[in-house]
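A.B. asks: Provided below for reference: sequence and predicted model.
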Amino acid sequence: QVQLVESGGGLVQAGGSLRLSCAASGSIFAIYDMGWYRQPPGKQRESVATITRSGTTDYIESVNGRFTISRDNAKKTVYLQMNSLKFEDTAVYYCYADVWPTSTGSRRNYWGKGTQVTVSS
């Protein structure tokens, strides 16, 4: 079974920084894309940043230049460094990983349970 566990959320003032981490564990043969989504209060979940196995990154426009996604393949961990945080970044942040498990299961996306990020104005 594959599990993703996020950490690093919390309350921060506008202009501050937070670093989210997400570690994958369990029966894993390979991890492909990893990334972060977020769901602001009363809104739909949106993709924030993705990173391929080789390190190619992509961001939504609203976080470009402020957020940096990275990964450590040996630790099966993805990170999201968030700088210059704004009130509108307030959301529950979810990590995901495209995983091929070692079991007979099929390759698919697995999700963490989410971590709250609250930015006070």
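C.D. replies: Perfect, thanks for sending it. Keep in mind that what you see is a predicted model, and the values were worked out from it rather than measured.
A.B. asks: contacting residues around Trp36?
C.D. replies: By C-beta atoms under 8 Å, 6 or more residues apart in numbering, the contact list for Trp36 reads 20, 22, 47-50, 69, 78, 80, 93-96. Using the backbone N, CA and C atoms, a C-beta is placed for each residue, glycine as well.
A.B. asks: which helices and strands sit right next to the strand or helix carrying Leu80?
C.D. replies: Using DSSP states H and E, Leu80 sits in strand 77-82. Other helices and strands packing on strand 77-82, by 3 or more C-beta pairs under 8 Å, 6 or more residues apart in numbering; DSSP states H and E, are strand 18-26, strand 28-39, strand 46-51, strand 67-72, strand 91-101.
A.B. asks: just these: most buried one?
C.D. replies: Counting by mean count of other C-beta atoms under 10 Å, strand 91-101 has the highest mean neighbour count of the helices and strands packed on strand 77-82, with a mean of 21.
A.B. asks: distance of the residue of the chain positioned farthest from its centre from Ser27?
C.D. replies: Distance from the C-alpha centroid of the chain, by C-alpha atoms, centre = their mean, peaks at Thr104 (26.1 Å). Using C-beta to C-beta, to the nearest Å, Thr104 is found at 10 Å from Ser27.
A.B. asks: got it, and Gly8?
C.D. replies: 25 Å.
A.B. asks: please identify which of those two sits among more neighbours.
C.D. replies: Counting neighbours by other C-beta atoms under 10 Å for Gly8 and for Ser27 shows that Gly8 has the greater number, 16 against 11.
A.B. asks: all set, thanks.
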